[in-house]
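> I'd like to go over a predicted model; first the sequence, then the structure.
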Amino acid sequence: MSPSGTAVDVAAPARLRPARARLWLRLQSRPAMGIFMCLPLILLIGGLVAYPFFYAIYLSMLNKRETAFIGLDNFRFLMTRDVFWQVAQTSFVFTFLAVLWKAILGFTLALVIHTVPTRGQRVWRGLSLIPWVMPLALSSLGWWWIYEPTHSALNWMLMLFGISPKPWLSDPFWAKFSVILVNIWYGTPFFMITYLAGLKSIPQELFESSDIDGASGFQRLRHITLPMLKNIIAITMLFSTIVTLATFDIVRVLTRGGPRQSTHMFGTYAFELGIASGDVPLGAAVSLFMFPILAVSAFFILRGIRRSTM
Amino acid sequence: MEQRTRREFLKTTTAGAAAVSVVGFPYVSRAQAKLTMGLWDHWVPGANDALKKIVDEWGKANKVEVSIDFITSIGNKLQLTGAAESRAGAGHDVMAFQTWDGTFYKDKLEPMSDVAEALIKKFGPFNENATYLNRQDGRWVTLPSPIGSHTYPLETRMDLVKKHAGVDVQDIFPPDVKKRNKQKVDAWDWKMFLAVAKKVHAAGFPIGCSIAENTDSNDWLGPLFATHGAFPMDDKGNITIDSPATLEAIEYLKEFVQYMPKDIYGWDDASNNRWLISGKGSAIFNPPSAWTVAKRDQPEVAAQVWHHDAPRGPKGRFRGSLPFTWGVWKFSKNKKPAKDLLLFLSERETQWKLITASQGYDYPQIVSFQDHPIWNEIGPPVGGQYNYPVRGDEKLIVAGWPAKPEFGAQIYSKWLLPTMVGKVTSGGMAPKDAVKWAAGELEGYKRG
Amino acid sequence: MTSPRRTRRNVTLLVCYGLIVLFMLFFLFPPYWMAITSFKTNQEIESLEGIPLIVQHGGTLKHYQDLFAKTDFLLYFRNSVFVTIPVVLLSMVISVLAAYALSRLGFAGAGLIGTAVFLVYLVPDSLLFIPLFKIIGALGLLNSKWSLLLVYPTAIVPFCTWLLIGYFASIPRELDEAALVDGASHAQMLVRIFLPVAVPGLIAATIFAFTVSWSGFLYPLAFIYSSHEQVLTAGTVTSLIKGDVYHWGGLMAGALLACLPPVLLYVFLMDYYISGLTAGSTKG
């Protein structure tokens, strides 16, 4: 990620007058040009990410009517609410389970696609990405219809096998299951495609030499494949942790946090409090609870990337 | 000066649109004024168009260009819009609010006392429920809405209930209040309702009442608790939910839910409509919207739907309602045309047309308008909507009553009652713990 | 000697194909189900008889017709297009400039900016939307689709910049030096040399920008509440079907059509799409 640093002089066109040539030279110098070209980016990030972030911290310390500064009282209030702890628990459990399963399923599929003849791989790879490509809010609508109590296609299929129909969206346990399932459906393709690329980058010689030694498939997996992909696996899971924790679309469309707040995550609960109920400071406080996890994950990701660039 | 103008208007008006132009004063040599309205998207097919037509005619006669956004209440879209506009300080001139929501924004709304008092003077009082919701802090914060307000009687498949439970709701609640038999009506209480529920459930046509985060849930649970004498808060700000009456009501519900479909915990506001219309449901607490749509899509179901009173409890008979209130934002630049339009829409002639266009769904907020003939005439079954207006001893309330509006509004919009009940009946929580949880939530509502 | 090996290989393949089939069923069932529903008549959707997995009583295009004639679908579609095109252009310009600067113009602070960009990518919209709500409100852009023009790039630019840095960094320095010797300015170098060579990266970044912009849901839900300003995702979910009781056919039709642009883009530019997604994992 760090830019290269070769020192190359830029020759000013001879036809410019000396003074202007000096100015032109100055502007063409890398620092000036560099900052100039980065300016839009810096403005964007500064104004629309960094500033709002700090503004959120400030907002979270105001009272509901935003007329008085109340310090950490919103946070204290939240921590006395059962609902909040429920939201926190749901967020962490959801994230943990979803990321774990996405990684397992994504890796399995990548391995499987990698194993079949190369000609067909492109087709499977292409088809697998479709869940990822469909806008999540809209595919969630499709899932909502799949889960709809009276007409659920899933229940119909379950009943074919003699399994009783499930209350996908009206029971807290099944609602959590349903939401996690959609997240897994949506996110596994990303894991798959990343791992597949990783698999393809493992030098074939490693496998050939293990073949000569008579290694079995599992041994190959354990001793060559997984160690080689360790970094990628770690980084993808960390990225996914951040994105999954921030889940909004699926929950908002399928359950809107219900039944009885059992599927609320930080993002949707913040929306409920801040936008729907009009307590912006409280909503900001809820959102900010995501920050520690983000910070820790960011630290590990950065470290992981630095390591793999060395 | 505005008062006199409105009084003049009321004195001279007979037919609606043409007469308004008599009051030329505010609009003399005025260029085309514009008015935007954010209104509730009506359930009843055709009702939106009828309103739009009436408003367009008024607009033409008064040189006001009116544009209406019909906003759905599904997914709380209407509520979200109101919240967003109040914060943005920009939006529609006239905004519709559900039940209590006007309370949240009362400081940002233009007082409607002049319009309300003009109407009361001419046509008599608004009903108690509407007055309670709209009149706060000594002024009319919003105006009871000219359309859409409705109550929650039982919409019952009289054939199914008669056949499987042996109860003839048509007989208990005939299309003439004078023909009611007091004993039969008094016998219609929660015990009898439970007995009916058991039998129709056994026959495969359960009653369906939502216990989820939606208005339908508030609108039957609130009255149910009230009939037992259980209220979340009193009108002085005291938390009164922790009472034997509440526990009694919860125990009743614990038993009752066994005879309802399991998905009621995931229902939205349209689900109970779908339940009745599909032919599987034998009764729901709902205004006539389900009947109206069934008339179009499943007429054989519609022909058997009878609307009637809610069951009586130990402490009285209450019926739920969802009144709409309309407000004019203080930031609006078109307050005068807005108020004049609201006045026009609320007066008798227009109300007559609107109630007809809604096929009897719109429940007039002015008491004297409840003699509209539609509820006697519309059918099939003829007389089935007669008891949609309150004819008997029910008191119309909203969940959260009688708490102070700023608390009642939160009780309603944060779904306190359905959540508390759901924790017990679906989550298996002990009733005492659920009540304690609710009391804690109520404490939180008091936080500024 | 080869037989047992061949059998083992065949068994492996069988298992693999079996798993692939299962995955394909899992991934493709939802869009299939949405499509089937959108072509069924209302009666068939509502009825609980028969096999729901196929269209049994004659397909219909009615839902699609009603979509265009009786709902605000086309309005939402138009708004999405009006938002997406400027957002993509703006994001690409910012990203290209920044990527060039960070990958080629070594200057003090470049490393810092690079890391900052990366960190920013990690801050989710469900954290930023509340303060942004106030900021957008203060700018008077609440309930305007142009509010999205401001906030969508924040989600797009970091990733695209990072992606393009990777592509630019892989362009051989000899090209640079040759151009500089010829007296080219940085601007000329960027346009005449880098962009043409980095076309695959540009395409991948553009696709990413398009997809994020088209799929955005939280921001339009929070900032826009009128139908005439709303975009496709939030509009379809919250306002497409109003009031009436049976609406699944129309809703699925709307959802499917709204998914079409990113999916089509993907179908035609799949390889660029995938290379964009995997850019980070194989490069250091």
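In hand now; what should we look at?
> gap between the two ends of stretch C:175-193?
8 Å (Cα to Cα, to the nearest Å).
> Quickly check: that stretch near chain A or not.
Yes. Against chain A, stretch C:175-193 shows contacts by Cβ under 8 Å from any Cβ of the partner chain at C:176, C:177, C:180, C:181, C:183, C:185, C:186. For the C-beta atoms, the positions are set from N, CA and C on the backbone; glycine is no exception.
> Tell me how many other residues crowd the fourth one.
Summarising burial for residue C:181: neighbours were counted as other Cβ atoms under 10 Å in any protein chain shown, giving 10.
> ok, now the second one?
Taking other Cβ under 10 Å as the criterion, the count of residues near residue C:177 is 12.
> now swap in the third one and tell me
Other residues within reach of residue C:180, judged by other Cβ under 10 Å, total 17.
> one step back: which one of the residues of stretch C:175-193 next to chain A sits closest to residue B:338?
Of all the residues of stretch C:175-193 next to chain A, residue B:338 sits closest to residue C:186, with 58.4 Å by Cβ to Cβ.
> Excluding chain neighbours, what is closest to that closest one?
Nearest residue to residue C:186, sequence neighbours excluded (Cβ to Cβ, 6 or more residues apart in numbering or on different chains): residue A:33, at 5.2 Å.
> after the strand or helix carrying the one you found, next one along is what?
Take DSSP states H and E as the rule and residue A:33 turns out to sit in helix A:30-45. The element immediately downstream of helix A:30-45 (helix or strand, assigned by DSSP H and E) is helix A:51-59.
> buried sites along that next one?
Of the residues in helix A:51-59, A:52, A:53, A:55, A:56, A:59 count as buried by neighbour count, 16 or more other Cβ atoms under 10 Å in any protein chain shown.
> For it, enumerate the helices and strands it packs against.
Secondary-structure packing of helix A:51-59 (3 or more Cβ pairs under 8 Å, 6 or more residues apart in numbering or on different chains; DSSP states H and E): helix A:280-288, helix C:125-138.
> residues making contact with that helix?
A:66, A:280-281, A:284, A:287-288, C:123, C:127-128, C:130-132, C:134-135 (Cβ atoms under 8 Å, 6 or more residues apart in numbering or on different chains).
> From those, pick the one nearest residue A:43.
residue C:135 (14.0 Å).
> Is stretch A:67-86 in proximity to chain C?
No. Using Cβ under 8 Å from any Cβ, stretch A:67-86 stays clear of chain C, coming no nearer than 12.1 Å.
> quick one on the thing from earlier: between all of the contacts of helix A:51-59, which two are separated the most?
For these, and using Cβ to Cβ, no pair is farther apart than A:66 and C:123, which are 23.0 Å apart.
> And the two? Which one has more around it.
For residue A:66 versus residue C:123, neighbours defined as other Cβ under 10 Å are more numerous around residue C:123 (23 against 12).
> which residue sits closest to the more buried one in space, ignoring its chain neighbours?
residue A:49 (6.0 Å).
> Could you do residue B:175 as well?
If the residues on either side of it in the chain are set aside, residue B:175 comes closest to residue B:383, at 2.9 Å by Cβ to Cβ, 6+ apart.
> how close does the one you found get to residue A:66?
Applying Cβ to Cβ, to the nearest Å, the value for residue B:383 to residue A:66 is 54 Å.
> before we move on, what about residue C:151?
21 Å.
> pretty sure residue B:43 is touching residue B:289, no?
Yes. Look at residue B:43 against residue B:289 with Cβ atoms under 8 Å: they come within range, at 3.8 Å.
> Report the set of residues contacting both of these two.
B:273, B:361.
> Please enumerate the strands of the chain.
I'll assume chain A. In chain A, no segments count as strands under DSSP state E.
> center of it, which residue is that?
residue A:243 (2.2 Å; Cα atoms, centre = their mean).
> can you check chain C too?
residue C:211 (1.5 Å).
> tally of neighbours for the residue lying closest to that residue once chain neighbours are set aside?
Distances taken as Cβ to Cβ, 6+ apart place residue C:262 nearest to residue C:211, at 5.0 Å, with adjacent residues excluded. Neighbours of residue C:262 under the rule other Cβ under 10 Å: 23.
> try residue B:134
27.
> cool, residue B:445 as well?
Count around residue B:445 with other Cβ under 10 Å applied: 18.
> Check which helix or strand the closest residue to it other than its chain neighbours maps to.
Excluding the flanking residues, the one nearest residue B:445 by Cβ to Cβ, 6+ apart is residue B:410, at 4.3 Å. In this structure, residue B:410 sits in helix B:405-413 according to DSSP H and E.
> quick revisit: make a markdown table out of the residues of stretch C:175-193 next to chain A and add secondary structure.
Listed next are those as a markdown table, based on DSSP: H, G, I helix; E, B strand; the rest coil:
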| residue | secondary structure |
| --- | --- |
| C:176 | helix |
| C:177 | helix |
| C:180 | helix |
| C:181 | helix |
| C:183 | coil |
| C:185 | coil |
| C:186 | helix |
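> Make CSV from the residues you listed and add pLDDT and distance to residue B:78 to it.
Compiled in CSV, the residues of stretch C:175-193 next to chain A are given as follows (pLDDT from 0 to 100; distance: Cβ to Cβ, whole Å):
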residue, pLDDT, distance to residue B:78
C:176, 76, 59
C:177, 77, 64
C:180, 76, 63
C:181, 78, 67
C:183, 76, 65
C:185, 75, 57
C:186, 72, 54
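> Quick check: residues of chain B near chain C?
Residues of chain B lying near chain C (Cβ under 8 Å from any Cβ): B:41-43, B:45, B:69-72, B:74-75, B:77, B:80-81, B:84-85, B:87-88, B:90-91, B:270, B:273-274, B:277-278, B:290, B:293, B:297.
> and with 7 Å instead?
B:41-43, B:69-70, B:72, B:75, B:77, B:80-81, B:84, B:87-88, B:90-91, B:270, B:273-274, B:277, B:293 (Cβ under 7 Å from any Cβ of the partner chain).
> Quickly note the distance from residue A:48 to chain C.
5 Å (Cβ to the nearest Cβ, to the nearest Å).
> And the contacts of stretch A:244-259?
A:91, A:94-95, A:98-99, A:136-137, A:140-141, A:143-144, A:169-170, A:172, A:175, A:178-179, A:182-183, A:263-265, A:267-269, A:272, A:290, A:293, B:212-213, B:265-266, B:422, C:124, C:126, C:217-218, C:237 (Cβ atoms under 7 Å, 6 or more residues apart in numbering or on different chains).
> quick check: mean pLDDT across the longest helix along chain A?
Longest helix in chain A, counting residues (DSSP state H): helix A:82-115. If you average the pLDDT over helix A:82-115, you get 94.
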